[in-house]
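# I would like the atomic coordinates for the input below:
(one chain, ligands or ions: 1)
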Amino acid sequence: MNPPPPMDPGAPIVAVTGASGAVGGRVAQRLVRAGVPVRLLGRDPSRLPELPGAVAAPPAPYGDGEAMRHALAGAHTLFLVSAHESPDRVRQHTTAVDAAVAVGVERIVYVSFLGAAPDATFTFARDHWHTEAHIRAADVRYTFLRDSLYLAGLPAMTGADGVLRGPGGDGRVSAVAHEDIADAATAVLPADTESTDTRHDGLTYDLTGPEAFTLAEAAEEMSRVTGRTIIYVPETREEAYASRAQYGAEDWEVAGWVTSYEAIATGEMSTVSDAVPNLTGHPAMSLATYLREHPDSYRHLLKTD
Ligand SMILES: NC(=O)c1ccc[n+]([C@@H]2O[C@H](COP(=O)([O-])OP(=O)(O)OC[C@H]3O[C@@H](n4cnc5c(N)ncnc54)[C@H](OP(=O)(O)O)[C@@H]3O)[C@@H](O)[C@H]2O)c1
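Okay, here's the model as predicted:
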């Protein structure tokens, strides 16, 4: 790998939240590689990656306004990855946004969700719409990256018994790779010193894979790559709640799991957009390619006997 280009100490700083995670970590790595000054944010600095030239901020939980103001002071752009799901996730997000505006952050690039709407079938997608609404109303430039279901989610949602079960009907999902989300974000994030590059301001990009497939087709693809028969078993809503009761999760969380499939059934997850190729200059990754390149994602589906 070539060394990153030298960093311009006067260039605008991009604060990357979720930097200990899958999306934020990839984005931080790419920005550093491009020579963009990066500040890494997370709730626990010991979980943040070590990247040449990137600076780790003090602990920055979204719900703590003072900590967020401290962590964001002097940053030009905030890359805001959504928080882990919780009943007060919108409040956590709005606290983070208000902190950014209070310390003079000029731009927010928020990772939202495909079909975010106040009445979205997928209950967690409603949080994203409320967060977007708060950002739109704030005194800040913004861009929304509405990603589809992660491709990584498909093998993860399939049990070791080789069954993908849920109330997804025969709907389609345009699942997208973490890599493509990170590449698209990296195309949007860097700011010029004069802030004259407003190309992405006020825009919403749907970040999707190259096609929308049914869960039965996803099971077929996983069968091909594992050499084992993987099947999709469509459930009714009642069956879905019953089969998830064993996990002892709270009602709001189980509703999120179940409605993520129901949003596939209604067609809300079937949008296919050209934003990934347009922003990145390369095609979006398919499920087949994702599985080929990420054998760890389906290791639990390989029969050991
Ligand atoms: N599109 C999809 O299919 C899909 C699936 C699952 C989740 N999501 C959403 O997309 C987000 C990013 O996905 P990912 O794959 O990158 O998840 P991930 O690997 O779990 O990373 C999440 C990151 O967000 C940080 N974080 C979580 N809650 C936070 C909070 N309250 N305050 C500050 N930082 C917080 C975590 O940091 P620390 O834990 O180190 O503080 C971590 O770095 C998730 O958090 C979730 O909201 C999307």
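
# for the residue in the chain that the ligand sits nearest to, which non-adjacent residue is spatially closest?
Checking the chain residue by residue against the ligand with CB to the nearest ligand atom singles out G21 as nearest, at 2.0 Å. Just so you know, the C-beta spots here come from the backbone N, C-alpha and C atoms, and that holds for glycine as well. Spatial nearest neighbour of G21, excluding adjacent residues (CB to CB, 6 or more residues apart in numbering): V81 at 6.6 Å.

# need the contact list for the one you found.
T17, G18, G21, V23, G24, V111 (CB atoms under 8 Å, 6 or more residues apart in numbering).

# return the residues of the stretch 51-200 of the chain in contact with the ligand.
P61, Y62, V81, S82, A83, H84, Q92, D147, L149, Y150, G153 (CB under 6 Å from any ligand atom).

# which two of those residues have the greatest separation?
Maximum pairwise distance in these, criterion CB to CB, is 26.1 Å, between P61 and L149.

# just the helices in this protein please.
Residue ranges of the helices in the chain, as given by DSSP state H, are 22-33, 65-72, 89-102, 123-137, 153-157, 178-188, 215-226, 237-244, 251-266, 275-280, 287-293.

# take those and write them to a markdown table, including mean pLDDT and mean neighbour count.
Output for the helices of the chain, formatted as a markdown table (pLDDT from 0 to 100; neighbours: other CB atoms under 10 Å):
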| stretch | mean pLDDT | mean neighbour count |
| --- | --- | --- |
| helix 22-33 | 98 | 22 |
| helix 65-72 | 98 | 20 |
| helix 89-102 | 98 | 21 |
| helix 123-137 | 98 | 20 |
| helix 153-157 | 98 | 19 |
| helix 178-188 | 98 | 23 |
| helix 215-226 | 98 | 19 |
| helix 237-244 | 96 | 15 |
| helix 251-266 | 98 | 20 |
| helix 275-280 | 98 | 19 |
| helix 287-293 | 98 | 17 |
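
# looking at these, which is closest to A57?
Minimum separation from A57 across these (CB to CB) falls at helix 65-72, 3.8 Å.

# nearest to K303, of the helices of the chain?
When the helices of the chain are compared (using CB to CB), the closest one is helix 215-226, at 8.1 Å.

# which helices and strands does that closest one pack with?
Contacts defined by 3 or more CB pairs under 8 Å, 6 or more residues apart in numbering; DSSP states H and E place helix 215-226 against helix 153-157, strand 163-166, strand 231-234, helix 287-293.

# list the strands paired with the second one, with their directions.
If you go by DSSP bridges, strand 163-166 pairs up with strand 231-234 (parallel).

# which other residues reach the strand it pairs with?
162-170, 214-216, 218-219.

# same question for stretch 261-276.
In this structure, residues lying in contact with stretch 261-276 by CB under 8 Å, 6+ apart are 114-115, 120-122, 125, 148-149, 166-174, 176, 180, 183-184, 205-212, 215, 235, 237, 240, 282-284.

# dump that stretch to CSV, keeping only the CA atoms.
Taking only C-alpha atoms (Å, rounded to 0.1, in the frame of the first residue of the first chain), the coordinates of stretch 261-276 have been written out as CSV:
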residue,chain,number,x,y,z
TYR,A,261,-38.6,-8.4,7.4
GLU,A,262,-42.1,-7.0,7.0
ALA,A,263,-40.5,-3.9,5.3
ILE,A,264,-39.1,-6.4,2.7
ALA,A,265,-42.5,-7.9,2.2
THR,A,266,-44.2,-4.5,1.6
GLY,A,267,-41.6,-3.5,-1.0
GLU,A,268,-40.1,-0.7,1.1
MET,A,269,-36.6,-2.3,0.8
SER,A,270,-36.7,-2.9,-3.0
THR,A,271,-35.4,0.4,-4.2
VAL,A,272,-32.3,0.0,-6.4
SER,A,273,-30.3,3.2,-6.8
ASP,A,274,-27.3,4.2,-8.9
ALA,A,275,-25.8,6.4,-6.1
VAL,A,276,-23.0,3.9,-5.2
